[in-house]
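Asks: Okay, structure incoming, though there's no sequence with it:
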């Protein structure tokens, strides 16, 4: 098959997912054409794929797979030439006001224009069906295999200057979806009774200055570490992984945390509950008191933390890996090509 993969501007999990598919498709004997903006092409390695800058460059492909709503809209605009069309929904629309309204209208058009809609979480599948998708299915996105932890936890802690203090780690772009104001409130709540706990956030983004200003003003035990290349080592040194997002699908950072065996405290949003099962402590979005209580539980109850580690590792062992995800998608493409030929 000649497979067309269509992306909008991406720097995170969507681009990472597509970049993982390309070499697996090529190794299986298929030709791959990637359409993405220049910045996305520079950020990710699409290997031996042919790269084009505009959706019409995908004409002639046997199947088109668009990732995300904006990519789906680009494909729908050229619908007569780009089919069969598969669109994966990776994220919910949480933007308010006119921008959110326009995006939700786009969702409806994409749902009705695709031959097949794939959702990274069950709530996205149900949403696509409610908006008129002709065929919508769950298609989990696998996290890349975590690199081995190479630096001992004690050395990581020494480098951070925290010694034996409990470490609560968060990884994610400093953007509104992640609800870092709630994370700062959690840190303040926990610090009131456990002042030695350190919260560390890996990632950069537009909210950095605002977050740092509040950290400084309230003297919060939170460190913004910026971009790091040693996330596996940091996870290996962490006592708790904290996620405060307004919404997530099958959050890659949660998958990474559970793969390493870090107890998770997170918001029960989107695909998070079905991803973590009983292995994590969950609270409502924005519930800083509930999240702080979860952090305290993990830090103060060693047996509970150990059970969470074990259950998380067992759960992660049963997830599909990148090879399985790629094979499943190739089977889906073959079925669509056969029925639309």
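Replies: Structure received. Quantities reported herein were computed from a predicted structural model and do not represent experimental measurements.
Asks: Can you identify the helix in the chain that spans the most residues?
Replies: Longest helix in the chain, counting residues (DSSP state H): helix 322-340.
Asks: now it, how far from the chain's geometric center?
Replies: Its chain's C-alpha centre and that of helix 322-340 lie 22 Å apart, by C-alpha atoms, centre = their mean, to the nearest Å.
Asks: which parts of that helix are buried?
Replies: 322, 325-326, 329-330, 332-333, 336 (16 or more other C-beta atoms under 10 Å). Glycine gets a C-beta too; all of them are placed from N, C-alpha and C.
Asks: Sketch out the strands for the stretch 101-250 of the chain, chain order is fine.
Replies: Using DSSP state E, counting those that start in this stretch, the strands assigned to the stretch 101-250 of the chain run over residues 116-119, 136-138, 167-171, 198-202, 222-226, 240-243.
Asks: Most tightly packed of those?
Replies: strand 240-243 (a mean of 27; mean count of other C-beta atoms under 10 Å).
Asks: Who are the packing partners of that one?
Replies: strand 167-171, helix 252-260, strand 264-267, helix 288-300 (3 or more C-beta pairs under 8 Å, 6 or more residues apart in numbering; DSSP states H and E).
Asks: which of these is buried the deepest?
Replies: strand 264-267 (a mean of 26).
Asks: what does the average pLDDT come to for that one?
Replies: Average pLDDT, strand 264-267: 98.
Asks: Which residue ranges of the stretch 1-150 of the chain form helices?
Replies: Using DSSP state H, counting those that start in this stretch, the helices of the stretch 1-150 of the chain run over residues 13-27, 38-43, 69-77, 97-113, 122-130.
Asks: By neighbour count, which bits of the last one are buried? Give me those.
Replies: Translated: helix 122-130. Counting neighbours by 16+ other C-beta under 10 Å, helix 122-130 gives 122-125, 127-129 as buried.
Asks: Touching it from outside, list them.
Replies: 89-90, 92, 107, 111, 117, 119, 136-138, 249, 270-271, 274 (C-beta atoms under 8 Å, 6 or more residues apart in numbering).
Asks: cool, the shortest one as well?
Replies: Helix 38-43 has contacts (C-beta under 8 Å, 6+ apart) with 7-11, 15, 34, 51, 53.
Asks: Mind doing that once more with 6 Å?
Replies: For helix 38-43, contacts defined as C-beta atoms under 6 Å, 6 or more residues apart in numbering pick out 7, 9-11, 15, 51.
Asks: which secondary element of this structure has the worst mean pLDDT?
Replies: Ranked by mean pLDDT, DSSP states H and E, the helix or strand of the chain with the weakest confidence is helix 97-113, at a mean of 81.
Asks: list the helices and strands that one packs on?
Replies: helix 69-77 (3 or more C-beta pairs under 6 Å, 6 or more residues apart in numbering; DSSP states H and E).
Asks: can you redo the strands of the stretch 101-250 of the chain as JSON lines with mean pLDDT and distance to residue 298?
Replies: Shown next, in JSON lines, are these (pLDDT from 0 to 100; distance: least, C-beta to C-beta, whole Å):
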{"stretch": "strand 116-119", "mean pLDDT": "95", "distance to residue 298": "30"}
{"stretch": "strand 136-138", "mean pLDDT": "94", "distance to residue 298": "30"}
{"stretch": "strand 167-171", "mean pLDDT": "98", "distance to residue 298": "9"}
{"stretch": "strand 198-202", "mean pLDDT": "98", "distance to residue 298": "13"}
{"stretch": "strand 222-226", "mean pLDDT": "97", "distance to residue 298": "18"}
{"stretch": "strand 240-243", "mean pLDDT": "98", "distance to residue 298": "5"}
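Asks: Out of those strands, flag the one nearest residue 208.
Replies: strand 222-226 (6.2 Å; C-beta to C-beta).
Asks: For that closest one, which helices and strands make contact with it?
Replies: Secondary-structure packing of strand 222-226 (3+ C-beta pairs under 6 Å, 6+ apart): strand 198-202.
Asks: before we move on, back to that, next, the angle from the longest helix of the chain to helix 13-27.
Replies: 70 degrees (axes from the mean of the first three to the mean of the last three C-alpha atoms, to 10 degrees).
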